[in-house]
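K.L.:
Show me the folded form of this:
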Amino acid sequence: VGVNGGGVHLVGDSSSGKSLAQLIGASVWGDPGVFAASWDMTKGGLEIEAASRNDTLLSLDEIKRADPRRVQEMAYALANGQGKGTMTREREGRAKLHWRLLTLSSGERSLSEHAAIGGNPGHAGAELRMVDVNAGTRTHRAF
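P.N.:
Residues are numbered from 1 along each chain as shown. Model prediction:
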């Protein structure tokens, strides 16, 4: 469709099938343990994870482990498909990381709710890139 990526964030209480949905999605690409990751990483770490899963799925579990001050910035980066430009110790340009993937995220809070904990208002652009899906009150929960 000509986009670099985007994501779905499953929101709901425990035992609503969020993690199971992530394991099933990851199993399409191989060992779910290899394709599962946690939001508990820096933005640079997230860029490395995204690039290593180019043209596949990035499954991020438990948004509550993400830094609330950076979570929206991380959602933008995942959808935009390229990392931040950096330099080596010798002050030479390092190649930017690139990726194209779908992110399947989960948590008991929405992206905006989690960002608000860090004092950031929700941004519509972040929510368009990482769409919240209520997995808690639907008939079949996450499915």
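K.L.:
What ranges in the chain fall below the confidence cut-off?
P.N.:
In the predicted model, the chain carries pLDDT under 70 at residues 1.
K.L.:
what do you get if the cut-off is 80, keeping everything else the same?
P.N.:
For the chain, the stretches with pLDDT under 80 are 1-4, 15, 33-35, 87-88, 122, 136-143.
K.L.:
What's opposite the nearest residue to residue 18 once chain neighbours are set aside in the beta bridge?
P.N.:
Closest residue in space to residue 18, ignoring its immediate chain neighbours: residue 106 at 3.8 Å, by C-beta to C-beta, 6 or more residues apart in numbering. The C-beta positions use only the backbone N, C-alpha and C, and glycine is treated the same way. For residue 106, the beta-bridge partners under DSSP bridges are residue 10.
K.L.:
Helices of the chain, residue ranges please.
P.N.:
18-27, 32-35, 43-52, 71-80, 111-117, 124-129 (DSSP state H).
K.L.:
closest one to residue 59 among the ones you listed?
P.N.:
Among these, the nearest to residue 59 by C-beta to C-beta is helix 18-27 (4.4 Å).
K.L.:
buried residues in that closest one?
P.N.:
Neighbour-count burial for helix 18-27, counted by 16 or more other C-beta atoms under 10 Å, picks out 18, 19, 21, 22, 25, 26.
K.L.:
What are the contacting residues of stretch 76-88?
P.N.:
Stretch 76-88 is contacted from outside by 3-7, 43-44, 46-47, 50-51, 58, 93-94, 96-101, 103, 125-126, 129-130, using C-beta atoms under 8 Å, 6 or more residues apart in numbering.
K.L.:
Could you find the closest non-adjacent residue to residue 47?
P.N.:
Nearest non-adjacent residue to residue 47, counting by C-beta to C-beta, 6+ apart: residue 83, 3.8 Å away.
K.L.:
re earlier: return the members of the contacts of stretch 76-88 classed as buried.
P.N.:
5-7, 43, 46-47, 50-51, 58, 97, 99, 101, 103, 126, 129-130.
K.L.:
How many neighbouring residues does residue 105 have?
P.N.:
Residue 105 has 29 neighbours, counted by other C-beta atoms under 10 Å.
K.L.:
Many thanks, I have nothing further to ask.
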